[in-house]
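> model this:
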Amino acid sequence: MISRRFCSAAATLLLALLHSASAAQPPAGAAAPYTVISREGRRPLAARTMAGQEMFALDDLARLFNVVVREDAAAGGLTVTAGTATIALTSGQSLASLNGRLISLPAPPVREGRTWYVPVDFVSRALALAIAGRVDLRKPSRLIIVGDLRAPRIVGRMESLGSLARLTLDIAPATPHNVVQEGTKLIVRFEADMLDAALPATTSPDLVTNVRPGDGAASIAIDLGPRFASFRTTDTPADRGAARLVIDVMAQTTDAQPAPAPTATPATPETPPLIDLAPTGGLRAIVIDAGHGGDEIGAKGPSGGLEKQVTLSVARRLKAALEGRLGLRVILTRDGDTTVGLDERAAIANNNKADLFVSLHANAAPRTTTSGAEVFYLSLDEYGDAAERVAHTDSDPLPVFGGGTRDIELILWDMAQARYIKESAALAQTVEASLRQRVPMSPRAIQQAPFRVLVGANMPAVLVEMGFISNPGQEKQLQSDEFQNQIVQALVESISRFRDTHAGERPPGSR
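Purely as a prediction, here's the structure:
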């Protein structure tokens, strides 16, 4: 028979163990708040950790989402009503009932004093189904997105791969974007209201010093390091409607060469190393000109479609495709709704030493039945014999500091395009042939005209009228993703074909 003394000792030990286990449970306490974001702004939502679970107070949810909470003391539970939907909760049960449909919760509701608490997942599993409109709970970033806000989740990672630094951005859901260089940084802009971004630390400070939120609400800034030379981007689809953007930041070419053996030949002045040169005859940089912008809206369709919006949308898509598929450096004359002068557009191409200039437009005509794409290159009729002389002028030798001479091209602004008319005509024919395979063409598909935007371009240049926005049917086409993608596909293929067949042909004395 077990003695009373032994039983008393066992009971004391059991009570001590229970007390110890109770003390090991994490006490209820404050957790980092969540942020509720809607069109009306940002509001904090307090969270508490209770029995190892993050909880929201139902009173706080009621105020934020305009729902009614009622306690049923007799049943030992409560109801949450949103319009015609009712969520029933019971104390001690990890289940909720939404209009009779059972929903599993990670923990039961908890009452503390007069306040009921529910697990954080209650918002996404039950409340989001009951209220009108979208509610998106994002626990990793402690956000709750309410309404139709576009806020893609972006997760980045950085890799050091020898002479380049690779930034990979996983984007969910896939969101239109573009990458542009602005001074000493790259800017990734998304067509979104905000970003839910987890950005990585840099692993190659000589190429990328920082990856951070940009100045806009939906942009990312990549601060470039001292060895930056160029960049390329690649877009690929991912699972479940997501996308992946890869940005390769490439270093200057600094590979050391073996020292030559001493010779008796006179020393020559040292020259700086060339940076990331393209192969002879190849294409390295292209300027895409989104016609109009800012105060210059361009043509307007019968349903209100604006030429300036269509051209910018296609320009952004074309830039991404050219960089991703052909590895070219692409510069946009404008990357927003800004006013850019006609001469300034050609100057951007000249200053960036572009190899091609493509200006995008949407046409208009008095007759609403007129339709079809057209490709233009510059007409020199009004320049007469002067254009012919310029087209065959070699560079002039000028004295330089330190002695000797250097060949310098001295070309008047209005004569710049004269030297590239044959190449521009070949580019226009190549573009027209590719467009004809994908989109309706005008009866006069290739034309010459004295467009001011082409006059100062010191490289092959064409102007593409993608269709007539004054035609109701083509207005809808020009604004559609499918049609714009067809235009982009045709232009990418034509530029690739031109690179392979004509890019090596340069006028005498040209770069």
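> Check what pLDDT the residue nearest to the spatial centre of the chain gets.
The centroid of the chain falls nearest to residue 177 when counting by Cα atoms, centre = their mean (2.2 Å). Predicted confidence (pLDDT) for residue 177: 92.
> what's near enough to touch it?
Residue 177 sits next to 171, 188-191, 245, 320 when contact means Cβ atoms under 8 Å, 6 or more residues apart in numbering. The C-beta positions use only the backbone N, C-alpha and C, and glycine is treated the same way.
> so of these, which ones are in strands?
171, 188-190, 245 (DSSP state E).
> quick one: residue 427 is in a helix?
Yes: per DSSP: H, G, I helix; E, B strand; the rest coil, residue 427 lies within a helix segment.
> for the ones in strands among the contacts of residue 177, which one is nearest residue 422?
Set against residue 422, the nearest of the ones in strands among the contacts of residue 177 by Cβ to Cβ is residue 189 (37.3 Å).
> Would you mind measuring from the closest one to residue 487?
21 Å (Cβ to Cβ, to the nearest Å).
> and these two? which has more neighbours close in?
Shown here are residue 189 and residue 487; by other Cβ atoms under 10 Å, residue 487 has more neighbours (24 against 18).
> Report the secondary structure element holding the more buried one.
Using DSSP states H and E, residue 487 sits within helix 481-501.
> Contacts made by that helix with the rest, please.
282-283, 286, 310, 313-314, 317-318, 321-322, 325-326, 356, 358, 373, 426-427, 430-431, 433-435, 437-439, 460, 464, 466-467, 477-478.
> which of those residues count as buried?
Buried by 16 or more other Cβ atoms under 10 Å: 283, 286, 310, 313-314, 317-318, 321-322, 356, 358, 373, 426-427, 430-431, 433-435, 438-439, 460, 464, 466-467, 477-478, out of the contacts of helix 481-501.
> Can you pull the poorly scored residue ranges out of this protein?
1-28, 75, 253-282, 381-415, 503-511 (pLDDT under 70).
> what ranges do the helices span in it?
Counting by DSSP state H, the segments of the chain that form helices are 4-24, 58-65, 122, 128-130, 307-326, 342-351, 384-391, 421-436, 452-455, 472-479, 481-501.
> any idea which of those helices is most buried?
helix 122 (a mean of 25; mean count of other Cβ atoms under 10 Å).
> Identify the bridge partners of the nearest residue to residue 142 once chain neighbours are set aside.
Leaving aside its sequence neighbours, residue 142 sits nearest to residue 34 (Cβ to Cβ, 6 or more residues apart in numbering; 4.8 Å). Residue 34 has these beta-bridge partners by DSSP bridges: residue 45.
> OK, contacts around residue 34?
Counting by Cβ under 8 Å, 6+ apart, residue 34 touches 44-45, 47, 56, 120, 142-144.
> okay, now the domains of this structure?
The chain resolves into domains spanning 29-146, 150-254, 281-511 when parsed by automatic domain parsing.
> re the thing from before, show me just the buried residues among the contacts of residue 177.
For the contacts of residue 177, buried by 16+ other Cβ under 10 Å: 171, 188-190, 245, 320.
> Redo those as TSV? Include distance to residue 450.
Putting the buried ones among the contacts of residue 177 into TSV (distance: Cβ to Cβ, whole Å) gives the following:
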residue	distance to residue 450
171	43
188	38
189	34
190	39
245	40
320	32
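> from these, which is closest to residue 160?
Comparing the buried ones among the contacts of residue 177 against residue 160 with Cβ to Cβ places residue 245 closest, at 18.3 Å.
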